[in-house]
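Chemist: My questions concern the predicted model and sequence given below.
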Amino acid sequence: MSNKTAIVTGASSGIGLGIAKTLLAQGYSVVANARKLSTAKVLDQTDQCFLVDGDVGIRSTGESLTEIALQKTGRLDLVVNNAGIFVLGNFHDYTEEQYRSVMATNADGFFYVTQPAVRHMKTQGRGHVVTISTTLVTQPIAGLNAFGVHFSKGALNAATKSLAIEYATTGIRFNTISAGCIDTPMNPPESHEFLKSLHPIARLGTVDEIVTALLYLDAAEFVTGEILHVDGGAHAGKW
Ligand SMILES: NC(=O)c1ccc[n+]([C@@H]2O[C@H](COP(=O)([O-])OP(=O)(O)OC[C@H]3O[C@@H](n4cnc5c(N)ncnc54)[C@H](OP(=O)(O)O)[C@@H]3O)[C@@H](O)[C@H]2O)c1
């Protein structure tokens with residue numbers, strides 16, 4: 001059993017909820033976040049699990065996650081930047097509102113959550129940041145136009161490599177999981193047949209398969225700057 005403390009954003013649904021539940025089962029203390037986490041009633045507030053409602057696109061939410069981890073457990077070992085939204089649409093039609101919302105959650109959220117965490121990890125001399133991205137960043141698909149997703153998630157891939165180098169000697173690691181299409185509430189059942197066709201392994205991925213990758217990365221102390229593809233082979237080429 002682990003005695004680590006993790007922050008997990010987007011923990012009310014899908015991948016984030018699966019990650020939070022598994023970390024709790026493995027003994028981690030978890031500071032769990034989503035905008036409507038407490039009303040979602042999917043996790044219980046306990047002395048091991050601390051629920052924080054808030055938008056990661058607002059700086060004070062990110063600051064409060066690190067503060068609560070330290071107040072309640074005295075340590076912070078892992079940040080899982082999972083909260084994210086997909087806003088599809090042609091570039092020429094993309095509205096300012098769509099652009100701002102996708103950048104606020106996906107990109108600003110990374111900055112606001114990760115910076116206070118890293119400030120503490122630096123004094124602690126250890127830590128790990130894992131971010132959930134998408135293989136669409138490097139394998140855009142004809143007809144699946146999602147400029148804002150590529151722009152924001154591409155920045156997260158770049159940040160992972162940049163920060164892995166910047167902090168390599170401090171004990172803080174940065175990795176990203178590049179997901180294919182995963183069976184979560186983000187993808188309604190009517191989309192599944194189409195989404196299966198986007199992977200050489202012609203099925204959707206499962207939340208458990210993302211969780212497996214996260215647990216590997218958290219245990220893999222010599223791995224940093226990695227973009228780990230969990231995407232049914234979609235990054236490998238055409239099929
Ligand atoms: N599912 C896929 O096929 C797929 C593929 C590639 C990458 N991903 C990435 O994986 C991550 C999780 O996706 P998912 O499929 O699990 O999605 P999901 O089921 O829709 O869950 C998204 C979670 O993020 C939270 N959230 C959204 N905006 C937020 C904000 N501004 N601040 C705080 N929390 C916020 C949501 O809760 P509230 O609404 O209560 O805030 C929810 O808990 C995302 O980053 C997504 O881009 C997913």
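Modeler: Cool, got the structure. Since this is a predicted model, take the numbers as computed values, not measurements.
Chemist: Let me see the contact set for the most centrally placed residue in the chain.
Modeler: In the chain, the centroid-proximal residue (C-alpha atoms, centre = their mean) is residue 82; its distance is 2.2 Å. Residue 82 makes contact with 8-11, 15-16, 19, 131-132, according to C-beta atoms under 8 Å, 6 or more residues apart in numbering. Where you see a C-beta, it was placed from the backbone N, CA and C, and this is true even at glycine.
Chemist: and with 10 Å instead?
Modeler: Applying C-beta atoms under 10 Å, 6 or more residues apart in numbering to residue 82 gives the contacts 7-11, 13-20, 33-34, 56, 109, 113, 130-132, 177, 179, 210, 214.
Chemist: Give the burial count for residue 169, as a bare number.
Modeler: Here the number of neighbours of residue 169 (other C-beta atoms under 10 Å) works out to 7.
Chemist: let me fix that: residue 91
Modeler: With other C-beta under 10 Å as criterion, residue 91 counts 11.
Chemist: who's in contact with the residue nearest to it when sequence neighbours are not counted?
Modeler: Spatially, and ignoring its direct neighbours in sequence, residue 91 is nearest to residue 147 (4.4 Å; C-beta to C-beta, 6 or more residues apart in numbering). With contact set as C-beta under 10 Å, 6+ apart, residue 147 has these partners: 87-94, 98-99, 102, 140.
Chemist: Could you do residue 22 as well?
Modeler: Taking C-beta under 10 Å, 6+ apart, one finds 8, 28, 30, 207-208, 210-212, 214-215 in contact with residue 22.
Chemist: Compare the residues you listed and tell me which is most surrounded.
Modeler: The residue in those with the most neighbours, by other C-beta under 10 Å, is residue 8 (32 neighbours).
Chemist: sorry, back to before: in ChimeraX, how would I select the buried members of the contacts of residue 147?
Modeler: Command for ChimeraX that selects the buried part of these, burial taken from 16 or more other C-beta atoms under 10 Å:
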select :87,89,94,98,99,102
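Chemist: so how far is stretch 59-77 off the chain centroid?
Modeler: 17 Å (C-alpha atoms, centre = their mean, to the nearest Å).
Chemist: Starting from the helix or strand harbouring residue 22, tell me the next helix or strand along the chain.
Modeler: Using DSSP states H and E, residue 22 sits within helix 14-25. Note on helix 14-25: by DSSP H and E, the next helix or strand toward the C-terminus is strand 29-34.
Chemist: now the helix or strand following that following strand, how far from the centre of its chain.
Modeler: Downstream of strand 29-34, the first helix or strand assigned by DSSP H and E is helix 37-40. Chain-centre distance of helix 37-40: 19 Å, with C-alpha atoms, centre = their mean.
Chemist: what's helix 37-40 in contact with?
Modeler: 9-13, 16-17, 20, 32, 34, 43, 45, 51-54.
Chemist: what residues does the protein put near the ligand?
Modeler: 9-16, 33-36, 55-57, 82-86, 105, 109, 132, 134, 179, 181-182, 184-187 (C-beta under 6 Å from any ligand atom).
Chemist: about what we covered before: of the contacts of residue 147, which belong to helices?
Modeler: 98-99, 102 (DSSP state H).
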